[in-house]
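**Student:** below is the structure, and that's it, no one-letter string:
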């Protein structure tokens, strides 16, 4: 019986590592890479008359969420992180 005393410890370590991997994957919401953010934001902000602030906040949101909604307006439900990030006044942070 003394030989099997390492089994519960090994199972605990395996479960702890799998949990850590799941948490790390959950933090990366989108499928974009950080280097893809400028081009995705350029398209997202292409039709606004406020390009500089749109690009600034879009890049900031993309950097955090690794996701930019499709289209030039709306579709924020595609990226919950992007959609749910709010300003202090509870307004949308991401364009």
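**Tutor:** Done, it's in. Just so it is clear, the structure is predicted and the values come from calculations on it, not from any experiment. Numbers count the residues shown, from 1 in each chain.
**Student:** only C-alpha atoms for contact and neighbour calcs from this point on.
**Tutor:** Will do.
**Student:** give me the low-pLDDT residue ranges for the chain?
**Tutor:** The chain contains residues with pLDDT under 70 at 1-5, 7-8, 10-13, 15-29.
**Student:** give me the residue at the spatial middle of it.
**Tutor:** residue 65 (2.4 Å; CA atoms, centre = their mean).
**Student:** right, and it touches residue 30 too?
**Tutor:** Yes: if you go by CA atoms under 8 Å, residue 65 and residue 30 touch, sitting 6.2 Å apart.
**Student:** now the host helix or strand of residue 62: how far from the chain's centre is it?
**Tutor:** In this assignment (DSSP states H and E), residue 62 forms part of helix 51-65. Offset of helix 51-65 from its chain centre (CA atoms, centre = their mean, to the nearest Å): 13 Å.
**Student:** show me what counts as buried in the one helix or strand residue 82 maps to.
**Tutor:** For residue 82, the host element (DSSP H and E) is helix 80-84. By 16 or more other CA atoms under 10 Å, the buried positions in helix 80-84 come out as 81, 82, 83.
**Student:** dump the residue contacts of the last one.
**Tutor:** Residues counted as contacts of residue 83 (CA atoms under 8 Å, 6 or more residues apart in numbering) are 76, 77, 92, 94.
**Student:** how close does it get to residue 6?
**Tutor:** Taking CA to CA, to the nearest Å as the measure, residue 83 falls 46 Å from residue 6.
**Student:** do the first one as well
**Tutor:** Residue 81 sits at a distance of 41 Å from residue 6 (criterion: CA to CA).
**Student:** now the second one
**Tutor:** Relative to residue 6, residue 82 is positioned 45 Å away (criterion: CA to CA).
**Student:** okay, now residue 32: neighbour count?
**Tutor:** 16 (other CA atoms under 10 Å).
**Student:** need the contact list for it.
**Tutor:** Here residue 32 is in contact with 66, 67 (criterion: CA under 8 Å, 6+ apart).
**Student:** ok, so what distance separates it from residue 42?
**Tutor:** Applying CA to CA to residue 32 and residue 42 gives a distance of 14 Å.
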